[in-house]
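*Asks:* return atomic coordinates for the entry below.
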Amino acid sequence: MGRLFYDGHPVPVMVDDEELAHVRAAVLAKLRHGEGFTLSWAEPHRRVTIWVSPAIEIRFDFDTVTAPRLDSARLARMTDAGASGAITFVAR
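*Replies:* Residues are numbered from 1 along each chain as shown. Model (predicted):
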């Protein structure tokens, strides 16, 4: 189970390592182009959306040492959604 930390907030978002690897790839692709966008996730009893931009700290911590293999179709769905200014994933 990986963790996503945002803007210095001490409580991480818990995300499956495989899902987090895809989120990381999609987020970094957008940030490389200097784009700001929304990042949303569903938790058991709520939905959260944050604004991500190159000026805001974001950290991805993985429990596994070996990077999970990225599924190109899954990543494409995430980055295509990101083209509209939003990336969505499922938290644990």
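
*Asks:* worst-scoring helix or strand of the protein, pLDDT-wise?
*Replies:* helix 72-83 (a mean of 75; mean pLDDT, DSSP states H and E).

*Asks:* helices and strands around it, which ones?
*Replies:* helix 17-32, strand 86-90 (3 or more C-beta pairs under 8 Å, 6 or more residues apart in numbering; DSSP states H and E). Yep, even glycine has a C-beta here, placed from its N, CA and C like the rest.

*Asks:* just the ones you listed: most buried one?
*Replies:* Greatest average neighbour count among these goes to helix 17-32 (a mean of 19), per mean count of other C-beta atoms under 10 Å.

*Asks:* can I get stretch 53-60 as PDB, trimmed to CA atoms?
*Replies:* Taking C-alpha atoms only, stretch 53-60 is exported to PDB below (Å, rounded to 0.1, in the frame of the first residue of the first chain):
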ATOM      1  CA  SER A  53       0.400  22.600  -9.900                       C
ATOM      2  CA  PRO A  54       4.200  22.700 -10.300                       C
ATOM      3  CA  ALA A  55       4.400  25.000  -7.300                       C
ATOM      4  CA  ILE A  56       2.700  22.600  -4.900                       C
ATOM      5  CA  GLU A  57       4.700  19.700  -3.300                       C
ATOM      6  CA  ILE A  58       3.500  16.200  -4.000                       C
ATOM      7  CA  ARG A  59       5.200  13.000  -2.900                       C
ATOM      8  CA  PHE A  60       4.600   9.400  -3.800                       C
END
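
*Asks:* okay if I get the helices and strands packed on helix 72-83 as a markdown table plus mean pLDDT and distance to Pro10?
*Replies:* Formatted as a markdown table, the helices and strands packed on helix 72-83 follow (pLDDT from 0 to 100; distance: least, C-beta to C-beta, whole Å):
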| stretch | mean pLDDT | distance to Pro10 |
| --- | --- | --- |
| helix 17-32 | 92 | 18 |
| strand 86-90 | 78 | 21 |
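
*Asks:* if anything else comes up later, I'll come back, but that's it for now.
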